[in-house]
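Q: Could you look at this predicted model? Sequence included:
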Amino acid sequence: MLIYAHRGASKDFPEHTKEAYLAAIEQGADGFECDLRLTKDQELICWHDSNTLRATGQKVNISSSTLDELAFAKPLLFSELFRMAYESGKHLALETKHPVITGGAVERELFRLISDSHLTKDGINIDVMSFSKLAVNRTLRAGFSAVNLIHNSFGMVGNRAQIIGPGLHLIKKNPEIVTRAKRAGKKVYIWTVNEDRDVEYCSDLGVDAIMSDNPAQARKALGYS
């Protein structure tokens with residue numbers, strides 16, 4: 001079972017910061033999980049919320065602000081995260097946030113940056129995740145691996161993605177979701193898994209990957225060296 005650093009090693013460092021992802025490397029994470037949003041001037045940044053309030057105490061909307069206007073929040077550019085992943089050999093699980101006023105622009109910019117990059121993608125898995133089936137379909141049409149994040153068991157209906165991403169709460173309530181996904185030939189990624197007993201539970205179910213705020217603890221729970 002792979003362990004992805006959820007927004008970096010976010011238990012120990014502020015989420016989506018360079019420091020959090022550097023710590024994820026030190027803690028032995030197999031990959032980086034990241035949320036992606038577009039600024040007003042079409043810069044792709046690593047950011048979860050639609051605004052900066054929770055992270056900075058100052059409320060500025062991401063989509064209506066330029067990168068320069070967001071400088072006070074010190075957002076990490078996706079291009080920098082991509083380079084870190086390439087240089088450290090870490091897989092990427094990238095959630096494009098929806099709904100947004102720019103629709104599919106976030107996926108288009110992501111695909112452009114990856115395709116135009118001179119960095120080789122050999123050895124690095126890049127999975128693009130979303131709760132939006134429209135976004136999942138855009139990802140599939142572009143030839144990328146898609147993860148359909150789901151809030152409930154109905155998310156399995158008509159699901160074309162190669163991977164499903166239920167929350168931990170959902171599979172604890174309905175563990176048969178994992179069995180059904182496996183029978184359909186799909187992989188299963190689970191978010192967000194931090195407690196030792198939950199890490200072990202996911203492993204016992206045959207989950208393919210978990211997103212954890214504390215990769216080091218997750219590795220220890222599984223007995224990884």
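A: Cool, the structure landed. Since this is a predicted model, take the numbers as computed values, not measurements.

Q: contacts, neighbours, all on C-alpha from now
A: Will do.

Q: ok, now which ones touch His151?
A: Counting by CA atoms under 8 Å, 6 or more residues apart in numbering, His151 touches 166-167, 170.

Q: Which of those fall within strands?
A: With strands taken from DSSP state E, the overlap with these comprises Pro166.

Q: ranking the contacts of His151 by neighbours, who comes first?
A: Per-residue neighbour counts (other CA atoms under 10 Å) across these peak at Pro166, which has 25 neighbours.

Q: quick one: that residue from Cys202, how far?
A: According to CA to CA, to the nearest Å, Pro166 and Cys202 sit 12 Å apart.

Q: Which other helices and strands does the longest strand seen in the chain contact?
A: Counting by DSSP E, the longest strand found in the chain is strand 31-38. Packing partners of strand 31-38 (3 or more CA pairs under 8 Å, 6 or more residues apart in numbering; DSSP states H and E): strand 2-6, strand 44-46, helix 78-88, strand 91-96, helix 105-116.

Q: low pLDDT regions in this protein?
A: Within the chain, the stretches with pLDDT under 70 are 120-121.

Q: ranges for the strands of it?
A: Taking DSSP E as the test, the strands found in the chain are 2-6, 31-38, 44-46, 76-77, 91-96, 126-130, 145-150, 163-166, 187-190, 209-212.

Q: Out of those strands, which is the most enclosed?
A: strand 2-6 (a mean of 28; mean count of other CA atoms under 10 Å).

Q: which ones are touching Ile101?
A: Contacts of Ile101 (CA under 8 Å, 6+ apart): Ser63.

Q: give me that answer again for 10 Å
A: Listed by CA atoms under 10 Å, 6 or more residues apart in numbering, the contact partners of Ile101 are 63-64.
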